[in-house]
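Engineer: need the 3D shape of this:
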Amino acid sequence: MTRLVDRDRSLEELERDRWSTPSAEASRLVATVHALRRRPIGELTVEDMRLLIGQDVGLAYLLPLALEVLRDDPMAEGDMYEGDLLSAVLTRSPAVWKEWSQLGRELGVIVSELTDLPPSLTQETARFLAR
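Structural biologist: Got it, this is the predicted structure:
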């Protein structure tokens, strides 16, 4: 996936899919995901991308952006822990990487060069590379 994307547009605009407003009883996670889908993708933080990718939201647009971040800083950190964006990206289903194989190959290059990872990331990296 090498297409250029207008980073001033939101996932709702890019996907041409407007979600209805979540109910008052919706969880904080649901409300946050809905709000982030309305924000221009160029304004999303590492934490925003981690959260959305972890929920499999907007992957066609967010995985390329996440890989840009990971190329520069594989251990980029949202609000959880060092490397949490990498963890979110690595743990997408094998079907995701089959669909976007070019991105999967690029991620493979990034993670194959990493050393001294925490045990959880070492396991996630090994599972990804073995796919």
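Engineer: what ranges do the helices span in this protein?
Structural biologist: Residue ranges of the helices in the chain, as given by DSSP state H, are 11-15, 28-37, 46-54, 59-72, 84-90, 94-99, 101-112, 119-130.
Engineer: most packed of these?
Structural biologist: helix 84-90 (a mean of 24; mean count of other C-beta atoms under 10 Å). Backbone N, C-alpha and C define where each C-beta goes, glycine included.
Engineer: got the CA positions of that one in PDB?
Structural biologist: Only the C-alpha atoms of helix 84-90 are listed here, as PDB (Å, rounded to 0.1, in the frame of the first residue of the first chain):
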ATOM      1  CA  ASP A  84       3.000  -0.600  22.800                       C
ATOM      2  CA  LEU A  85       2.400   0.600  19.300                       C
ATOM      3  CA  LEU A  86       4.600  -2.200  18.000                       C
ATOM      4  CA  SER A  87       2.700  -4.700  20.000                       C
ATOM      5  CA  ALA A  88      -0.600  -3.500  18.600                       C
ATOM      6  CA  VAL A  89       0.700  -3.700  15.100                       C
ATOM      7  CA  LEU A  90       2.300  -7.200  15.600                       C
END
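Engineer: and that helix, what other elements does it pack with?
Structural biologist: helix 46-54, helix 59-72, helix 101-112, helix 119-130 (3 or more C-beta pairs under 8 Å, 6 or more residues apart in numbering; DSSP states H and E).
Engineer: what's in contact with that helix?
Structural biologist: Contacts to helix 84-90, defined as C-beta atoms under 8 Å, 6 or more residues apart in numbering, come from residues 46, 49-50, 53-54, 63, 66-67, 69-70, 74-78, 107, 111, 120-121, 124-125, 127-128.
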